[in-house]
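Student: Sequence and predicted model, in that order:
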Amino acid sequence: MSDAFAGKVVLITGGARNLGRAMGTAFAAAGASIVINARTQRPELTETIAAIEAAGGKAISCVADITDRAAVDRMVAVIVERFGRLDILVNNAVTHATKPFVELSFEDWRAPITVTLDGAFHCTQAAVPAMTRAGGGSIINMGGLFGHMPITNRAPTAAAKAGLAGLTRALALELAAANINVNYVAPGPANTVGSGPFQFDMKRIPFGRFAEPAEIVATVMMLCGRDGRFITGQTIHVNGGLFMNN
């Protein structure tokens, strides 16, 4: 374990598994106190907290629907009451609607936008005052491939992630005066447990493989750490050259 993030408090939304769990574990190993958010209490959330604590880290869970502003405000209040501060926010929560565009209901269309974009709005707006009181901080918006290159049957996710990239740049400009840097990390296909079928031609990736979660996490931590403080408003693609190659 290192102490690169000692004394820092990190909130990760949608963090019960996959990249959320990997980020929480890595930040905790670097000395941070971790808050893992999920919409509902479920085994993965308990397992993630247990994994962080078993590795010697400090973590709590916060069950809250990030599309509900009152619930988000309560979550941030609990974090500040428990730890006295909030330094890093990772807007990681996502949901997908996997259908041809002409078959989407309006509810299908709205779900990814509500969770990804509206959720980031609520969580960021609630977190910024605490970050400002702490002297600054970092916000990471977790994007993805779908917001930057076409994938069939993923129009709502593409719209939500592209919107999140625009929000990132706007926030980077507005929050710089508060010493808050804001960046967008866009992973490509990764070796995580998927929520649905995903077929991909590995030949399109110059490195010829999917990312390991640790490779994506390393980028997130660099942007939040001392060496990344002067980087803001950027979209960082972590996909082995896939986006460049298409």
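Tutor: Structure's in. What do you need?

Student: Can you spell out which helices and strands pack onto the top helix by length along the chain?
Tutor: Looking across the chain with DSSP state H, the single longest helix is helix 155-175. Here helix 155-175 touches helix 106-113, helix 119-133, strand 137-142, strand 180-187, going by 3 or more Cβ pairs under 8 Å, 6 or more residues apart in numbering; DSSP states H and E. All C-beta atoms are positioned from the backbone trio N, CA, C, and that covers glycine.

Student: what do you get if the cut-off is 6 Å, keeping everything else the same?
Tutor: With contacts defined as 3 or more Cβ pairs under 6 Å, 6 or more residues apart in numbering; DSSP states H and E, the packing partners of helix 155-175 are helix 106-113, strand 180-187.

Student: just the angle between it and strand 180-187, please?
Tutor: Computed by axes from the mean of the first three to the mean of the last three Cα atoms, to 10 degrees, the angle separating helix 155-175 from strand 180-187 equals 160 degrees.

Student: Could you give me the buried positions within helix 155-175?
Tutor: Neighbour-count burial for helix 155-175, counted by 16 or more other Cβ atoms under 10 Å, picks out 155-165, 167-169, 171-172, 175.

Student: now that helix and helix 106-113, what's the angle there?
Tutor: Relative orientation of helix 155-175 versus helix 106-113 (the same axes, to 10 degrees): 40 degrees.

Student: hmm, back to that, Serialize the helices and strands packed on helix 155-175 to TSV and add fields for distance to residue 27, mean pLDDT and mean neighbour count.
Tutor: Converted to TSV, these look like this (distance: least, Cβ to Cβ, whole Å; pLDDT from 0 to 100; neighbours: other Cβ atoms under 10 Å):
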stretch	distance to residue 27	mean pLDDT	mean neighbour count
helix 106-113	26	96	16
strand 180-187	14	97	25
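
Student: Adding distance to residue 22, write the ones you listed out as JSON lines.
Tutor: Shown next, in JSON lines, are the helices and strands packed on helix 155-175 (distance: least, Cβ to Cβ, whole Å):
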{"stretch": "helix 106-113", "distance to residue 22": "22"}
{"stretch": "strand 180-187", "distance to residue 22": "11"}
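
Student: Please report how far the residue most central in space within the chain lies from residue 115.
Tutor: What sits nearest the mean C-alpha location of the chain, by Cα atoms, centre = their mean, is residue 92, with 2.5 Å. Residue 92 is 11 Å from residue 115, where distance means Cβ to Cβ, to the nearest Å.
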